[in-house]
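In: coordinates for the following, if possible.
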Amino acid sequence: MQLESLTVSDGVSYYYLDSGDVPGITYTTLVFVPGMGFNGGVFRKLFPLAAAHRLRIVSLYRRDYSPTTSFRDADLAGLVSRTVEGQEGFLRSQAVDIATFLVMFAREQHIPLADSTSGGIVLVGWSLGSSHVHAVVAHLDALSSNVLSDLEKYLHTVVCHDVSGVFIGIPNPPAFNIGFWSETDVAKRFKLFYEWVAMHFSHKSVTSGSIDDLEFLTTQDKAHSMHELSPEELAELTSAKTFGASDALFVSIKLDVFKAMTRRAIFDTSLAEKFLPKLRVRYMCGGASPGSVVWVLHELRKCLAEPKPTFGPDAEKARDVKFKFQTEGNHFVFWDEPEVALEQYIATINL
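Out: The predicted structure follows:
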C-alpha cells in the first residue's frame with residue numbers, strides 16, 4: 001500500500017494510507033489519527049477488512065511523523081512558550097489542518113455525503129490522537145466558511161478511543177503512578193511506555209464505574225501487542241524521536257488548556273448550536289486497556305450530568321455525547337484483533 005499526500009496549507013503536507021474506494025455502495029470513511037510514538041501504519045491490519053463492512057479507512061501520519069511535514073520552530077513556538085495563549089494557538093492550528101485535510105480528501109475523492117450515520121466521515125482519534133479530534137470539534141469557529149460548510153456535509157461523528165484524562169482536562173487518578181516518565185534516555189523511555197501501554201490489563205469490571213475494579217499496573221499473563229515484530233519492523237510504525245520531542249511537548253500542555261478545549265468541544269452551547277450542531281461525539285475504551293483510560297470515561301460521563309464543578313459555571317451539555325465501554329480488546333485491539341476492532345468502532349459510531 002502506497003502512501004499518498006495532501007497539501008493542506010503553505011508548505012504543510014499530510015501523508016496517509018487509504019484502503020480505497022468501495023464502488024457501487026454508499027460507504028463511510030473512517031479517518032484515524034494515531035497516538036503518541038506511532039504513525040498511521042499502526043492501523044494497517046484494518047485495511048483489508050474495510051470494504052466488507054462498507055467502510056473506507058484512512059490513517060494519517062501526524063506532523064513530525066515522516067514523511068508528513070515536520071514541525072518548524074515557528075509551529076512549536078506556542079508549545080515552547082508554556083503560555084496558555086501559545087498552547088491554545090498550537091491546538092487551534094492542528095485542528096484547522098486536520099479539518100482542512102478532511103474536506104480536501106472528501107472533495108478530491110468524491111466520497112459519499114453524510115446521511116445520518118452512513119456515508120460521510122467519522123474522525124477517530126486513538127490515544128493522544130483523541131486530543132486532535134477534540135481540537136477539531138473545539139475550534140470549528142477557526143475554520144474558513146468554505147471549509148466549514150463542506151465539513152458539515154461530511155463529518156457526522158467523532159470517536160475518541162482510549163483517551164487519557166489529561167488530554168480532556170481531567171487529572172489522572174492517584175492509583176496511576178507510572179515510573180518510566182522519569183527515564184532520561186528517550187529510546188528506553190519509549191520502550192518502557194510501549195511495552196506497558198500494549199499490555200492486556202485484567203480488570204474486574206470496566207462497566208461498574210468503581211476505580212477499585214480497575215487495574216493500573218497488573219496485567220494478564222499474555223504477551224504485549226506487537227511482540228512478534230522485530231525491532232526493524234516496529235521502527236517502521238513508530239518514532240521514538242518524535243515521542244521524545246514534539247509529542248513530549250504536547251503532553252506538557254497545561255491541564256487547564258486541555259480542560260478549556262473540552263469545554264469548547266462538548267460543554268459550550270453557543271458553539272454547538274452554531275457549528276455542526278448535529279455532530280455526534282463518541283468515547284470508547286477497551287476491556288483490557290490501561291485502567292486510567294477506562295476510569296476517565298466514567299469521570300467524564302459524570303461530568304455530563306454535572307459539568308459545572310469541573311468545567312466551569314457556564315458549562316452545559318451541548319452535544320450528542322455517548323460512551324462505549326468495550327468488554328474485550330486492549331489498547332492495540334486493531335492490531336491484535338482487527339475484525340473485533342472494526343465491530344467495536346461500528347457499534348460505537350451507531351450508539
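In: just to check, Ser93 is in contact with Ala74?
Out: No. Between Ser93 and Ala74 there is no contact under CB atoms under 8 Å: 10.3 Å. Every residue, glycine included, has its C-beta placed from N, CA and C.
In: so the two - more neighbours on which side?
Out: Using other CB atoms under 10 Å as the criterion, Ser93 and Ala74 rank with Ser93 on top: 18 against 7.
In: following element in sequence after the helix or strand that contains that one, please.
Out: With elements taken from DSSP states H and E, the one containing Ser93 is helix 84-109. Next in sequence after helix 84-109, counting helices and strands by DSSP H and E, comes strand 121-126.
In: name the nearest residue to the spatially most central residue of the chain, sequence neighbours excluded.
Out: By CA atoms, centre = their mean, the chain has its centre lying nearest to Gly125, at 1.8 Å. In this structure, Gly125 finds its nearest non-sequential neighbour in Val133, 3.4 Å apart by CB to CB, 6 or more residues apart in numbering.
In: in a helix, that's where that neighbour is, yeah?
Out: Yes. The assignment for Val133 (DSSP: H, G, I helix; E, B strand; the rest coil) places it in a helix.
In: ok, it touching Val159?
Out: Yes. The pair Val133 / Val159 is scored as a contact, 7.4 Å apart, by CB under 8 Å.
In: got any residues that touch both of those two?
Out: Common contacts of Val133 and Val159 (CB atoms under 8 Å, 6 or more residues apart in numbering): 123-125.
In: tell me where the chain has helices.
Out: Ranges of helices in the chain, per DSSP state H, are 73-81, 84-109, 129-138, 145-154, 186-197, 231-235, 240-244, 246-251, 255-266, 269-274, 291-305, 308-311, 333-336, 338-349.
In: quick check: end-to-end length of stretch 51-65?
Out: Stretch 51-65 has an end-to-end distance of 27 Å (CA to CA, to the nearest Å).
In: also stretch 223-242?
Out: 26 Å.
In: stretch 296-313: how far from the chain's middle?
Out: 20 Å (CA atoms, centre = their mean, to the nearest Å).
In: so for that stretch, first residue to last residue, what's the gap.
Out: So stretch 296-313: terminal residues 21 Å apart, CA to CA.
In: what's the answer for stretch 40-49, then?
Out: Note: stretch 40-49 ends 16 Å apart using CA to CA.
In: check contacts around Arg62.
Out: Arg62 makes contacts with 33-34, 39-40, 68, 129, 132, as judged by CB under 8 Å, 6+ apart.
In: for Leu276, that is, sorry about that
Out: Contacts of Leu276 (CB under 8 Å, 6+ apart): 137, 140, 151-152, 155.
In: got a list of contacts for stretch 247-254?
Out: Outside stretch 247-254, the residues touching it (CB under 8 Å, 6+ apart) are 36-37, 64, 76, 79-80, 82, 84, 87, 90-91, 128, 131, 166.
In: using TSV, lay out the contacts of Arg62 together with distance to Phe258 and neighbour count.
Out: TSV is the format used below for the contacts of Arg62 (distance: CB to CB, whole Å; neighbours: other CB atoms under 10 Å):
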residue	distance to Phe258	neighbour count
Val33	16	27
Pro34	19	25
Asn39	23	24
Gly40	23	25
Thr68	23	20
Gly129	14	27
His132	12	24
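In: could you single out the nearest of these to Thr327?
Out: Here the nearest of the contacts of Arg62 to Thr327, counting by CB to CB, is Gly129; it sits at 23.0 Å.
In: surely that closest one meets Gly35?
Out: Yes. Under the criterion of CB under 8 Å, Gly129 makes contact with Gly35 at 5.0 Å.
In: on that earlier part again, what's across from the residue nearest to the centre of the chain in the sheet?
Out: Beta-bridge pairing of Gly125 under DSSP bridges involves Val33, Cys160.
In: and for the nearest residue to Gly78 once chain neighbours are set aside, the neighbour number?
Out: Residue nearest to Gly78 in three dimensions, not counting chain neighbours: Gly86, with 3.3 Å by CB to CB, 6+ apart. Residues near Gly86, counting by other CB under 10 Å, number 16.
In: ok, now Val136?
Out: 27.
In: ok, now which ones touch it?
Out: Val136 is in contact with 95, 98-99, 123, 158, counting by CB under 8 Å, 6+ apart.
In: nearest to Lys302 among the residues you listed?
Out: Set against Lys302, the nearest of these by CB to CB is Val158 (20.7 Å).
In: distance check, that closest one against Ala135.
Out: The gap separating Val158 from Ala135 is 11 Å, by CB to CB, to the nearest Å.
In: what's the answer for Pro34, then?
Out: Distance of Pro34 to Ala135, given as CB to CB: 15 Å.
In: out of the contacts of Leu276, who's nearest Gln2?
Out: Closest approach to Gln2 among these (CB to CB): Leu155, at 25.6 Å.
In: for the closest one, give its distance to Phe32.
Out: Leu155 sits at a distance of 14 Å from Phe32 (criterion: CB to CB).
In: try Thr207
Out: Thr207 sits 25 Å away from Phe32, going by CB to CB.
In: neighbour count: those two, which is higher?
Out: When Thr207 and Phe32 are compared for neighbours, Phe32 comes out ahead with 26 against 13, by other CB under 10 Å.
In: ok, what's across the strand from Arg280?
Out: Thr157, Asp320.
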